[in-house]
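**Student:** Just a sequence and a predicted model for now, questions to come.
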Amino acid sequence: MTKFIVRRLSWMILVLLVVSIITFIFMHAVPGGPFTLERPLPPATLEQLQIRYGLHLSLPEQYINYMTNLIVPVVTRGRLDPASRSDYLINFPLPFSDELVFRWMDFGPSYKSTTRTVNDIFRENLPLSAQLGLQASIFAIALGLPLGVIAALRRNTFYDYFGMGIAIFGVSIPVIISAPILQYVIGVQLGWLPLSGWGKPSQMILPVVTLGFSQSAVIARVTRASMLQVLNEDFVRTAHAKGLRERQVVVGHVLKNALIPVVTVIGPMLAFLITGSFIVETIFAIPGMGRFFVVSLFGRDYSVIMGSILLLATLVVLANTLVDVAYAWLDPRIRYY
């Protein structure tokens, strides 16, 4: 298992390299640039901005400079001040010296926000998206998994129709419609919860439910289909023939084997939710990464685009690696060498 994890992490470097190259090429292939405005800037001002941010160089030179600043760590001299702003995402003092500081991952400046770097955006806004994504994932699993299990065990009954009806409702209605409806009913008409914001528990309920409900519908449908397939296997009939109780059969035999497709869905879903949902963050006025990523696309903010996509790609690769590790725990027949 250790060799498998090391091998997957090694492949992750190649995957991220390919993703970075493709993103960089297509990003610069789109007409316009970060300083393209409705009223064109004076040529002298535009030239100064391009020189300042290195956009006057050729594309290969720009890519090499960006990846060098991102990948190559540096060691600087001077005490680390936690309150100071740094161009590097990772900063920590070396244990064998009081003055040397290890710094790594410079995602570059933001072309649209001159007072903040991409690392500042990650430090300030990514935690909010991560909180929203993790809470929405927990809600989705807590709702979708029991619905799918009950629907499969009570097939063609009221419980099955009710659970799958909720699942179809969640899949069919996008969050861009369900979020305003929840705001109007729960926030405006009933006045139970605030309409926007993030930080207080009362502010978290509506966005978490909105984002997690649609994902719970997917989990419920996958869980039901996988449970029905496993219930027809020979080892389940053998377990019943041996006289095991229904709960023992379901928990010890059926559910564990049926979770493999469910885990496959949950892994990438968690990665996408952590990086932020633009629609939910916009409707509920949550200053997360989703809004900044979409704004950076329209504004041609190259550094924010590259950093966000590389971050998402890293989370997806790590999530898929965890999913593969979970396979071996769920099914002892699966082995990695």
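**Tutor:** Received it, and whenever you're ready, just let me know what you need. Numbers count the residues shown, from 1 in each chain.

**Student:** before we move on, which element is N91 in?
**Tutor:** With elements taken from DSSP states H and E, the one containing N91 is strand 90-93.

**Student:** partners of that strand in the sheet?
**Tutor:** With DSSP bridges as the test, strand 90-93 is paired with strand 100-104 (antiparallel).

**Student:** Point out the other helices and strands that whichever helix or strand comes after the strand it pairs with packs with.
**Tutor:** Scanning forward in sequence from strand 100-104 by DSSP H and E, the next helix or strand is helix 118-153. When contacts are defined as 3 or more CB pairs under 8 Å, 6 or more residues apart in numbering; DSSP states H and E, helix 118-153 packs onto helix 158-172, helix 201-231, helix 256-274, helix 278-283, helix 289-299, helix 302-330. C-betas here are computed from N, CA, C, even on glycine.

**Student:** and with 6 Å instead?
**Tutor:** When contacts are defined as 3 or more CB pairs under 6 Å, 6 or more residues apart in numbering; DSSP states H and E, helix 118-153 packs onto helix 158-172, helix 201-231, helix 256-274, helix 289-299, helix 302-330.

**Student:** Give me the number of neighbouring residues for T238.
**Tutor:** Look at T238: counted by other CB atoms under 10 Å, it has 12 neighbours.

**Student:** now the one 10 residues further on
**Tutor:** For Q248, the count of nearby residues is 12 (other CB under 10 Å).

**Student:** And it, how far from K256?
**Tutor:** 12 Å (CB to CB, to the nearest Å).

**Student:** that older thread, quick check: which of the helices and strands packed on helix 118-153 is nearest to G144?
**Tutor:** helix 201-231 (3.1 Å; CB to CB).

**Student:** Taking helix 256-274 as reference, get the angle to the helix or strand that comes right after that closest one.
**Tutor:** Downstream of helix 201-231, the first helix or strand assigned by DSSP H and E is helix 234-241. For helix 234-241 against helix 256-274, the angle by axes from the mean of the first three to the mean of the last three CA atoms, to 10 degrees is 120 degrees.

**Student:** what residue ranges in the chain are flagged as low confidence?
**Tutor:** For the chain, applying pLDDT under 70 flags the ranges 1, 38, 78-86, 276, 332-333, 335-337.

**Student:** In terms of residue numbering, what are the domains of it?
**Tutor:** Here the domain parsing of the chain from automatic domain parsing is 73-110, 118-330.

**Student:** and the ones you listed as a markdown table, adding distance to S20?
**Tutor:** Output for the domains of the chain, formatted as a markdown table (distance: least, CB to CB, whole Å):
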| stretch | distance to S20 |
| --- | --- |
| domain 73-110 | 12 |
| domain 118-330 | 6 |
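
**Student:** Minimum distance to Y63: which of those has it?
**Tutor:** Closest to Y63 of those is domain 118-330 (CB to CB; 9.5 Å).
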